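In: sequence plus the predicted model coming up.
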Amino acid sequence: MVIWEKYTSVIKTTIFNSLNQNKDFKYWRDDMFSNIIIYIMPLSLIALIPSVIWAIDSGHYVMTIIDLLCVSNIAVVGFKKGIQIKHRKLLFIANTYILSFFLLYYVGINSTLYLLASCFLSVFIYSFKNKYIPALLNLFISITYIILYSYNFITIPDKDSNINVLFAVFSNLIFLSFLVCILIPKLFTGLDDSLRESIVYTQKIENQNNLLQEITWIQSHVVRAPLSRLLAIAELLKNTPITEDEKIFFLDNIIISGEELDTVIKSIILKSESVNKNK
């Protein structure tokens, strides 16, 4: 448990610093990316070990190298310091597409699932200027694969497959890829708007609380000084015989204290109006 906590802490602090960021949509997107890296590294062993055994047994040594390089690249994304989170995401996306392409090349059209997963992860963690880029990448890979097959540069492991099967499989992949690229950004836009509204509302509440605390402090501290003087002078005037000069002195102090109270009360009124406007 301690090892796992240290592992997650190292990756999170390496990928991004959450202490100096507002918890807006970008924050949660970056946080999700760090969580993907955290879990994908240990879980990738489940796929890596059988894949390497199969590749070596089948004589696909290039596939073995690609598998190991992809896992190594994920480790670089998670542990290498000094890389901007934007570049980490792009490296991760490139890694998933390279792995998907080679799986498609060596394993066959069943590996189109990896291309769809790559498209989903790309849209999920990165904001592209053109939201259709992941789907267009899948389209390009599909066309490339069909062309290579047509000119006998590659063979399909499944002997029952033909060009019509390829068109059917890849057309479904492209359809789902574009669907992902359309729907997920719409969902994220709605979530982003909701989070921004929530942040603005929270800031308004915090500002109101600060003003109320300031008003409370004024009432309990600033008002007390002139009010105490007025009460003390009133007590002296009531119970103590005074000369004419002392009377003038006390009246001057009453005026000064009254003006101070008037200023404080006006300040409280202005702050109270500010609180009401922010509601």
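Out: Nice, thanks for sending it over. Numbering: from 1, shown residues only.

In: for the nearest residue to residue 80 once chain neighbours are set aside, give me its contacts.
Out: Leaving aside its chain neighbours, residue 80 sits nearest to residue 14 (7.4 Å; criterion: Cβ to Cβ, 6 or more residues apart in numbering). All C-beta atoms are positioned from the backbone trio N, CA, C, and that covers glycine. Listed by Cβ atoms under 8 Å, 6 or more residues apart in numbering, the contact set of residue 14 reads 78, 79, 80, 81.

In: tell me the secondary structure of residue 14, please.
Out: helix (DSSP: H, G, I helix; E, B strand; the rest coil).

In: can you list the domains in this protein?
Out: Following automatic domain parsing, one gets these domains for the chain: 2-194, 223-278.

In: can you say which of these is nearest to residue 204?
Out: Within the domains of the chain, the stretch nearest residue 204 is domain 223-278; the backing value is 5.3 Å (Cβ to Cβ).

In: report the rounded mean pLDDT for that closest one.
Out: Taken as a whole, domain 223-278 has a mean pLDDT of 66.

In: point out the most buried one among the domains of the chain.
Out: Mean neighbours per residue, mean count of other Cβ atoms under 10 Å, is largest over these for domain 2-194, with a mean of 15.

In: quick check: pLDDT value at the residue nearest to residue 80.
Out: The model reports residue 14 with a pLDDT of 86.

In: one step back: can you redo the domains of the chain as a markdown table, where the extra columns are distance to residue 205?
Out: Shown next, in a markdown table, are the domains of the chain (distance: least, Cβ to Cβ, whole Å):
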| stretch | distance to residue 205 |
| --- | --- |
| domain 2-194 | 15 |
| domain 223-278 | 9 |
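
In: lowest average confidence across those, which one?
Out: Across the domains of the chain, domain 223-278 gives the lowest mean pLDDT, at a mean of 66.

In: CA atoms of stretch 108-121 as PDB?
Out: Taking Å, rounded to 0.1, in the frame of the first residue of the first chain, the C-alpha atoms of stretch 108-121 are listed here in PDB:
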ATOM      1  CA  GLY A 108      -5.200  -8.700 -38.400                       C
ATOM      2  CA  ILE A 109      -8.400  -6.800 -38.600                       C
ATOM      3  CA  ASN A 110      -9.500  -7.900 -35.100                       C
ATOM      4  CA  SER A 111      -7.000  -5.300 -33.900                       C
ATOM      5  CA  THR A 112      -9.200  -2.400 -35.200                       C
ATOM      6  CA  LEU A 113     -10.500  -2.400 -31.600                       C
ATOM      7  CA  TYR A 114      -7.200  -0.800 -30.600                       C
ATOM      8  CA  LEU A 115      -7.600   1.900 -33.200                       C
ATOM      9  CA  LEU A 116     -11.000   2.700 -31.800                       C
ATOM     10  CA  ALA A 117      -9.600   2.700 -28.200                       C
ATOM     11  CA  SER A 118      -6.800   5.000 -29.400                       C
ATOM     12  CA  CYS A 119      -9.400   7.400 -30.900                       C
ATOM     13  CA  PHE A 120     -11.400   7.400 -27.700                       C
ATOM     14  CA  LEU A 121      -8.400   8.000 -25.400                       C
END
